[in-house]
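Undergrad: this one's structure only:
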Ligand SMILES: [Zn+2]
């Protein structure tokens, strides 16, 4: 492929938003230049007022393949990603079978992924009970870091860990310099609250919310920070839902602890007060909390305490959401967000005075850094992969089942009016998504250093 130029009046670069041409040669960005500097004869695509963003990177996706392909899979998850403006996703080690807790499981995952991905991907490994001997082999085999749960994750093959297990695992992570992503809720407060709510009405969202009190998040974060202080490993708190933890996290950062934090589009968009009875499509863990927390999480982003926004894309078959019964206790928890995350976050961000440079930082640069692929992904700059997302930031639309490309069109975003339409997605210089259509070629591959 010869060089090509992509122009826009709004190219989102690390230096700011400006009129520019992104000169692409083969897989990579050769230069970001002024439109007048495009070499004569170079084919050009001018997007005028539509913005060119770096391809988004989602470091928190449950692809569920192999083993639970009826929930989601490489083909559907990566298409949902491409439609949402993502060019790379990192797969969580659980909900697939086998869980990615041993090298042979990673090999099985690679085999399933081959030839069916619309965007690039990589894998996190899992820290579970008694797999501390597997961590370094997994790291050598190419996982980007590790994920663990302090509370029951809801699938029996992925065990939760406690402090004793972590003490066995952490030295390997320190040696490899890889991050530990932690689902930070402790079981004690959740179990106690759930027992006390036994006789309550579980069709009410408030009942579910009360069953996962913020104390569970706060205690887990405190435990992890104390381990971080002792072992000095890269600690990453996934899907922060409570704003009450921000002050502690800020203090930890000021103290010099290597801790990063993510939150998700659903915590930034929804609020517990407006979730209707029986609407189990809103169930996730930790739960969407009340408006005060939503406002606090936005402040956390503004203050730089929350580093990134990732989806926690976690679909399941519709039957598991128990929509008929509307029972928040038995419904599966998880929200699939890949196709809608960018418009959801952009709609909310714009209303609060943020710019597309913030979106590029939260949804591309920072997740790329967490996954250790920031030398190639996460920004529009010379030498980077030519991963580009073309977004019409002003266009509005209503979410319908056709806007979703995951395996099951189940989503709490259905019917929402949002701003920001993804027009095109380019993966390493190739057009993979255009106005609702996908390239017939599966151009995605596992990220290699
Ligand atoms: Zn998750």
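TA: Noted; the coordinates are in hand. Fair warning: this is a prediction, and the values are worked out from it, not measured in the lab. Numbering: from 1, shown residues only.

Undergrad: hmm, residue 33 is touching residue 19, no?
TA: No. Between residue 33 and residue 19 there is no contact under CB atoms under 8 Å: 10.8 Å. Glycine gets a C-beta too; all of them are placed from N, C-alpha and C.

Undergrad: of the two, which one has the most company?
TA: Taking neighbours as other CB atoms under 10 Å, residue 33 and residue 19 compare with residue 33 leading, 16 against 11.

Undergrad: now the more buried one: phi and psi?
TA: Per-residue torsions, residue 33: phi -130, psi 170 (degrees, to the nearest 10).

Undergrad: quick one, what contacts it?
TA: 20, 21, 23 (CB atoms under 8 Å, 6 or more residues apart in numbering).

Undergrad: helices or strands up against the longest helix along the chain?
TA: In the chain, taking DSSP state H as the definition, the longest helix is helix 214-231. Packing contacts for helix 214-231, counted by 3 or more CB pairs under 8 Å, 6 or more residues apart in numbering; DSSP states H and E, involve helix 163-176, helix 187-196, strand 235-237, helix 246-254.

Undergrad: check which residues of it are buried.
TA: 214-221, 223-225, 227-228, 231 (16 or more other CB atoms under 10 Å).

Undergrad: between that helix and helix 246-254, how big is the angle?
TA: Orientation of helix 214-231 against helix 246-254 (axes from the mean of the first three to the mean of the last three CA atoms, to 10 degrees) gives an angle of 10 degrees.

Undergrad: and the gap between the closest residue to residue 381 other than its chain neighbours and residue 318?
TA: Leaving aside its chain neighbours, residue 381 sits nearest to residue 14 (6.2 Å; criterion: CB to CB, 6 or more residues apart in numbering). Here the criterion is CB to CB, to the nearest Å. By it, residue 14 lies 41 Å from residue 318.

Undergrad: ok, now residue 97?
TA: On the measure of CB to CB, residue 97 and residue 318 end up 20 Å apart.

Undergrad: then residue 262?
TA: Counting by CB to CB, the gap from residue 262 to residue 318 is 27 Å.

Undergrad: of the two, who's got more company?
TA: residue 262 (23 against 14).

Undergrad: ok, residues contacting whichever strand or helix holds that one?
TA: Secondary-structure assignment from DSSP states H and E places residue 262 in strand 259-263. The contact list for strand 259-263 (CB under 8 Å, 6+ apart) reads 59-60, 179, 225, 228, 234-241, 249, 252-253, 297, 300-301, 305-310, 366-367, 370.

Undergrad: what pairs with that strand, and is each one parallel or antiparallel?
TA: Sheet pairing of strand 259-263 (DSSP bridges) gives strand 235-237 (parallel), strand 308-309 (parallel).

Undergrad: now do that strand: distance to the chain's middle.
TA: Taking the mean of its C-alpha atoms, strand 259-263 sits 11 Å from the chain's own mean (CA atoms, centre = their mean, to the nearest Å).

Undergrad: what helices and strands are in contact with whichever helix or strand comes after that strand?
TA: Per DSSP H and E, strand 259-263 leads on to helix 265-269 as the next helix or strand towards the C-terminus. The contact analysis (3+ CB pairs under 8 Å, 6+ apart) places helix 265-269 against helix 291-302, helix 341-351.

Undergrad: pLDDT on the last one, on average?
TA: In this case it means helix 341-351. Helix 341-351 shows a mean pLDDT of 98.

Undergrad: mind listing what's buried in that helix?
TA: Quick answer for helix 341-351 (16+ other CB under 10 Å): 341, 342, 343, 344, 345, 346, 347, 348, 349, 350.

Undergrad: which of those sits closest to residue 277?
TA: residue 344 (23.1 Å; CB to CB).

Undergrad: identify the residues contacting the residue most central in space within the chain.
TA: Central residue check for the chain by CA atoms, centre = their mean: the C-alpha nearest the mean position is that of residue 310, 2.8 Å away. Residue 310 sits next to 58, 59, 60, 238, 239, 262, 264, 363, 367 when contact means CB under 8 Å, 6+ apart.

Undergrad: which ones are touching the last one?
TA: Residue 367 makes contact with 57, 58, 59, 60, 90, 262, 308, 310, 378 under the criterion CB under 8 Å, 6+ apart.

Undergrad: let's see it at 6 Å
TA: Contacts for residue 367 (CB atoms under 6 Å, 6 or more residues apart in numbering) come out as 57, 59, 308, 310.

Undergrad: now swap in the fifth one and tell me
TA: Remark: with contacts taken as CB under 6 Å, 6+ apart, residue 239 is in contact with 264, 312.

Undergrad: tell me the secondary structure at it.
TA: Classification of residue 239 using DSSP: H, G, I helix; E, B strand; the rest coil returns coil.

Undergrad: same question, residue 23
TA: Quick answer, by three-state DSSP: residue 23 is strand.

Undergrad: skipping adjacent residues, who's closest to residue 407 in space?
TA: residue 76 is the one closest to residue 407 (CB to CB, 6+ apart), at 4.3 Å.

Undergrad: so the one you found makes contact with residue 404?
TA: No. Counting by CB atoms under 6 Å, residue 76 stays clear of residue 404, with 9.9 Å between them.
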